[in-house]
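>>> Fold the stuff below for me.
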Amino acid sequence: MDSTQLGTRLRALRQERGKTLDEVAATTGVSRSFLSLVENGRSDITTGRLIELVRYYGVSITDLVPEEGFSDLSPTDDVLVARAVERQHIESRSEGMDVALLLPTTGRSLMLAQIDFAPGAHMSEPAHHAGEEIVHVLAGAVAIALDGGEPIKLNAGDSISYAAATPHAYENIAEGPSRALVIVTPPSY
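Just a heads-up that it's a prediction; the model follows:
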(Lines give C-alpha, C1' and ligand atoms only; values in the text may rest on other atoms or scores of the structure.)
Protein backbone atom coordinates (compact mmCIF):
# COMPACT_ATOMS: atom_id res chain seq x y z
CA MET A 1 0.00 0.00 0.00
CA ASP A 2 1.48 3.32 -1.00
CA SER A 3 1.30 6.54 1.04
CA THR A 4 -1.59 7.91 -1.07
CA GLN A 5 -3.78 4.86 -0.39
CA LEU A 6 -2.89 4.85 3.30
CA GLY A 7 -3.60 8.58 3.57
CA THR A 8 -6.97 8.14 1.86
CA ARG A 9 -7.94 5.40 4.32
CA LEU A 10 -6.83 7.46 7.32
CA ARG A 11 -8.83 10.47 6.09
CA ALA A 12 -11.90 8.24 5.60
CA LEU A 13 -11.58 6.94 9.18
CA ARG A 14 -11.34 10.47 10.54
CA GLN A 15 -14.35 11.63 8.54
CA GLU A 16 -16.42 8.54 9.44
CA ARG A 17 -15.88 9.43 13.09
CA GLY A 18 -16.76 13.08 12.52
CA LYS A 19 -13.38 14.30 13.77
CA THR A 20 -11.42 17.33 12.63
CA LEU A 21 -7.68 17.35 12.06
CA ASP A 22 -7.37 19.56 15.15
CA GLU A 23 -9.24 17.03 17.33
CA VAL A 24 -7.11 14.12 16.14
CA ALA A 25 -3.91 16.12 16.61
CA ALA A 26 -4.85 17.22 20.12
CA THR A 27 -5.52 13.64 21.26
CA THR A 28 -2.74 11.76 19.45
CA GLY A 29 0.07 14.29 19.64
CA VAL A 30 0.55 14.08 15.87
CA SER A 31 0.54 17.61 14.47
CA ARG A 32 -2.37 18.87 12.38
CA SER A 33 -0.11 19.87 9.49
CA PHE A 34 1.57 16.46 9.43
CA LEU A 35 -1.81 14.68 9.53
CA SER A 36 -2.91 16.74 6.55
CA LEU A 37 0.24 15.84 4.61
CA VAL A 38 -0.26 12.13 5.35
CA GLU A 39 -3.97 12.19 4.46
CA ASN A 40 -3.12 13.83 1.14
CA GLY A 41 -0.41 11.27 0.35
CA ARG A 42 2.33 13.89 0.50
CA SER A 43 4.24 12.42 3.43
CA ASP A 44 5.32 9.05 4.75
CA ILE A 45 4.24 8.08 8.27
CA THR A 46 6.35 6.39 10.91
CA THR A 47 5.27 3.12 12.49
CA GLY A 48 4.86 4.71 15.94
CA ARG A 49 2.61 7.49 14.64
CA LEU A 50 0.55 5.02 12.59
CA ILE A 51 0.01 2.88 15.71
CA GLU A 52 -1.11 6.01 17.61
CA LEU A 53 -3.66 6.80 14.90
CA VAL A 54 -5.13 3.31 14.59
CA ARG A 55 -5.40 3.11 18.38
CA TYR A 56 -7.17 6.49 18.42
CA TYR A 57 -9.62 5.37 15.72
CA GLY A 58 -10.18 2.03 17.47
CA VAL A 59 -9.17 -0.10 14.49
CA SER A 60 -6.41 -2.51 13.62
CA ILE A 61 -3.63 -1.73 11.19
CA THR A 62 -5.05 -4.53 9.05
CA ASP A 63 -8.31 -2.56 8.75
CA LEU A 64 -6.38 -0.06 6.63
CA VAL A 65 -5.60 -2.58 3.90
CA PRO A 66 -8.21 -4.22 1.70
CA GLU A 67 -8.98 -7.81 2.72
CA GLU A 68 -9.75 -8.72 -0.87
CA GLY A 69 -6.04 -9.45 -1.11
CA PHE A 70 -6.70 -12.53 0.96
CA SER A 71 -8.60 -14.55 -1.64
CA ASP A 72 -9.06 -17.79 0.27
CA LEU A 73 -11.15 -16.25 3.04
CA SER A 74 -14.34 -18.02 3.92
CA PRO A 75 -16.59 -16.70 6.69
CA THR A 76 -17.83 -20.21 7.46
CA ASP A 77 -14.49 -22.02 7.51
CA ASP A 78 -12.04 -22.26 10.39
CA VAL A 79 -9.18 -22.44 7.91
CA LEU A 80 -7.58 -19.38 6.36
CA VAL A 81 -5.02 -19.44 3.57
CA ALA A 82 -3.20 -16.22 2.73
CA ARG A 83 -1.11 -16.37 -0.44
CA ALA A 84 2.30 -14.66 -0.47
CA VAL A 85 1.57 -12.95 -3.80
CA GLU A 86 -1.53 -11.31 -2.29
CA ARG A 87 0.23 -10.05 0.85
CA GLN A 88 -0.63 -6.51 1.92
CA HIS A 89 2.21 -4.14 2.83
CA ILE A 90 2.50 -0.95 4.83
CA GLU A 91 5.83 0.71 4.21
CA SER A 92 7.58 3.40 6.21
CA ARG A 93 10.23 4.60 3.79
CA SER A 94 11.56 7.17 6.27
CA GLU A 95 12.27 4.40 8.79
CA GLY A 96 13.41 1.83 6.22
CA MET A 97 10.76 -0.69 7.27
CA ASP A 98 8.22 -2.68 5.27
CA VAL A 99 5.48 -4.40 7.28
CA ALA A 100 3.79 -7.25 5.43
CA LEU A 101 0.48 -8.34 6.94
CA LEU A 102 0.51 -12.12 6.69
CA LEU A 103 -3.12 -12.69 7.72
CA PRO A 104 -6.18 -10.49 8.18
CA THR A 105 -7.18 -9.98 11.82
CA THR A 106 -10.93 -10.10 11.30
CA GLY A 107 -12.26 -12.71 13.70
CA ARG A 108 -8.75 -13.70 14.77
CA SER A 109 -7.08 -13.58 18.17
CA LEU A 110 -3.70 -12.44 16.86
CA MET A 111 -1.99 -10.31 14.25
CA LEU A 112 0.82 -11.87 12.23
CA ALA A 113 3.27 -9.66 10.34
CA GLN A 114 6.69 -9.86 8.73
CA ILE A 115 8.91 -6.81 8.98
CA ASP A 116 11.71 -6.30 6.47
CA PHE A 117 14.36 -3.86 7.67
CA ALA A 118 16.66 -2.04 5.25
CA PRO A 119 20.25 -1.50 6.41
CA GLY A 120 20.19 1.19 9.11
CA ALA A 121 16.40 0.94 9.58
CA HIS A 122 14.99 2.05 12.90
CA MET A 123 11.74 3.30 14.40
CA SER A 124 11.67 7.07 14.79
CA GLU A 125 9.68 6.89 18.02
CA PRO A 126 8.68 4.04 20.32
CA ALA A 127 5.35 2.32 19.83
CA HIS A 128 3.03 0.97 22.51
CA HIS A 129 -0.35 -0.73 22.36
CA ALA A 130 -2.42 -3.29 24.22
CA GLY A 131 -1.62 -6.98 24.35
CA GLU A 132 1.49 -9.10 24.11
CA GLU A 133 4.07 -8.86 21.34
CA ILE A 134 6.38 -11.65 20.21
CA VAL A 135 9.27 -10.97 17.83
CA HIS A 136 11.26 -13.74 16.14
CA VAL A 137 14.25 -12.68 14.03
CA LEU A 138 14.33 -14.65 10.79
CA ALA A 139 17.43 -13.08 9.23
CA GLY A 140 20.01 -10.50 10.21
CA ALA A 141 20.02 -8.88 13.64
CA VAL A 142 17.52 -6.58 15.34
CA ALA A 143 17.80 -4.62 18.59
CA ILE A 144 14.65 -3.89 20.58
CA ALA A 145 14.68 -1.11 23.16
CA LEU A 146 12.01 -1.55 25.84
CA ASP A 147 10.88 1.49 27.82
CA GLY A 148 13.96 3.46 26.76
CA GLY A 149 16.29 0.87 28.30
CA GLU A 150 19.42 -0.71 26.90
CA PRO A 151 18.55 -2.36 23.55
CA ILE A 152 18.22 -6.14 23.58
CA LYS A 153 20.13 -7.58 20.64
CA LEU A 154 18.52 -10.47 18.78
CA ASN A 155 20.21 -12.51 16.06
CA ALA A 156 18.58 -14.78 13.49
CA GLY A 157 16.73 -17.51 15.39
CA ASP A 158 16.31 -15.43 18.59
CA SER A 159 12.89 -14.48 19.98
CA ILE A 160 11.51 -12.09 22.58
CA SER A 161 8.10 -11.63 24.19
CA TYR A 162 6.94 -8.56 26.13
CA ALA A 163 3.88 -6.61 27.20
CA ALA A 164 3.15 -4.43 24.18
CA ALA A 165 2.03 -1.56 26.44
CA THR A 166 5.74 -1.14 27.20
CA PRO A 167 7.14 1.49 24.82
CA HIS A 168 9.29 -0.41 22.32
CA ALA A 169 11.37 0.42 19.26
CA TYR A 170 13.13 -1.76 16.69
CA GLU A 171 16.46 -1.14 15.01
CA ASN A 172 18.28 -3.16 12.36
CA ILE A 173 21.78 -3.66 13.71
CA ALA A 174 22.99 -5.97 10.91
CA GLU A 175 25.28 -4.76 8.13
CA GLY A 176 22.64 -5.76 5.57
CA PRO A 177 18.88 -6.21 5.63
CA SER A 178 17.07 -8.02 8.46
CA ARG A 179 13.70 -9.74 8.70
CA ALA A 180 11.50 -10.49 11.71
CA LEU A 181 8.20 -12.24 12.31
CA VAL A 182 5.94 -10.32 14.72
CA ILE A 183 2.90 -11.70 16.52
CA VAL A 184 0.58 -9.39 18.45
CA THR A 185 -2.17 -10.90 20.58
CA PRO A 186 -4.85 -9.78 20.70
CA PRO A 187 -4.58 -7.73 17.49
CA SER A 188 -4.32 -4.27 18.99
CA TYR A 189 -2.86 -2.15 16.24
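>>> OK, contacts around the closest residue to residue 94 other than its chain neighbours?
Excluding the flanking residues, the one nearest residue 94 by Cβ to Cβ, 6 or more residues apart in numbering is residue 44, at 4.7 Å. The C-beta positions use only the backbone N, C-alpha and C, and glycine is treated the same way. Neighbour list for residue 44: 3, 38, 91-94 [criterion: Cβ atoms under 8 Å, 6 or more residues apart in numbering].
>>> how near is residue 44 to residue 31?
Distance of residue 44 to residue 31, computed by Cβ to Cβ, to the nearest Å: 15 Å.
>>> And residue 142, by the same measure?
Residue 142 sits 29 Å away from residue 31, taking Cβ to Cβ as the criterion.
>>> go on, residue 87?
Counting by Cβ to Cβ, the gap from residue 87 to residue 31 is 32 Å.
>>> just the strands in this protein please.
Secondary structure of the chain by DSSP state E: the strands cover 88-92, 97-101, 111-117, 132-139, 141-146, 152-155, 159-163, 168-172, 178-185.
>>> and residue 178, how many neighbours?
Burial of residue 178 is recorded as 27 neighbouring residues (other Cβ atoms under 10 Å).
>>> Identify the bridge partners of it.
residue 117 (DSSP bridges).
>>> can you tell me which residues contact it?
Residue 178 neighbours (Cβ under 8 Å, 6+ apart): 116-117, 121, 137, 139-142, 172.
>>> just residue 113 next, same as before
Residues in contact with residue 113 (Cβ under 8 Å, 6+ apart) are 99-102, 181-182, 184.
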